[in-house]
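Sequence unavailable; structure follows:
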């Protein structure tokens, strides 16, 4: 088996601040994803990466940057945190793409902006 | 574009009652449909997958089928347990070649003992 580790678990920031979330996986999976989870809205894709140094934008990429410098890690940066923003960011990985349907998710990083 | 609509935001049942959660989908291609489940404090995990209309997918006592005619997709379980309390997401796999799943808004299932 393997595991997805997200750090930090909780992140509190100030309006306008740049904030970075990190994700590590030891499945040796090629594809990694960042999703945002808002109450009542399901999961929305921010960025994904199909291999080291690859980046693909999802529907929600505006306001975010991502980086995949190693196969095992994928980071997400909120470029300018919005006041009163609150969301959970979920990292996931899969062997190839979505077609197997088997994405493995981390436990999430909860962002609160004061 | 492709989309998934999950109308039931909350469902509350007693143990041993029948569960039925329905979604509708819209796609221009050939859908692959999934159900994911998220337990408190955890990330979502794949529950089951259905690749062919009117074929049944099953896992852990849950069953799912989809109907191309009505573009609907449902999840059912004959007898729920308190441990089934979780959020259930219906998910559409895009067939256009882009690498993403489209998640519904989720159904919070609460099972009372």
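Noted; the coordinates are in hand. Fair warning: this is a prediction, and the values are worked out from it, not measured in the lab.

At the contact with chain A, which residues of chain B appear?
When proximity is defined as C-beta under 8 Å from any C-beta of the partner chain, chain B approaches chain A at B:6, B:9, B:32, B:34, B:41-46, B:49, B:89, B:91, B:93-94, B:99-101, B:103-106. Quick note: C-beta positions are derived from backbone N, CA and C, even for glycine.

Can you say which of the residues you listed are buried?
Of all these considered here, the ones buried according to neighbour count by 16 or more other C-beta atoms under 10 Å in any protein chain shown are B:6, B:32, B:34, B:43-44, B:46, B:49, B:89, B:91, B:93-94, B:99-101, B:103-106.

Give the residue spans of the chain that score low on pLDDT.
Assuming you mean chain A. Chain A contains residues with pLDDT under 70 at A:97-101.

Wait, chain B was what I had in mind.
Using pLDDT under 70 as the threshold, the predicted model of chain B has low-confidence ranges B:95-99.

what's the burial count for residue A:5?
When neighbours are counted by other C-beta atoms under 10 Å in any protein chain shown, residue A:5 registers 15.

Could you give the bridge partners of it?
On the basis of DSSP bridges, residue A:5 takes part in beta bridges with residue A:24.

ok, back up a step: so of the buried ones among the residues of chain B next to chain A, which ones are in strands?
Of the positions in those, B:32, B:34, B:46, B:49, B:89, B:91, B:93, B:101, B:103 sit in strands, assigned by DSSP state E.

Hmm, residue B:57 and the fourth one touching each other?
Translated: residue B:49. Yes: look at residue B:49 against residue B:57 with C-beta atoms under 8 Å: they come within range, at 5.7 Å.
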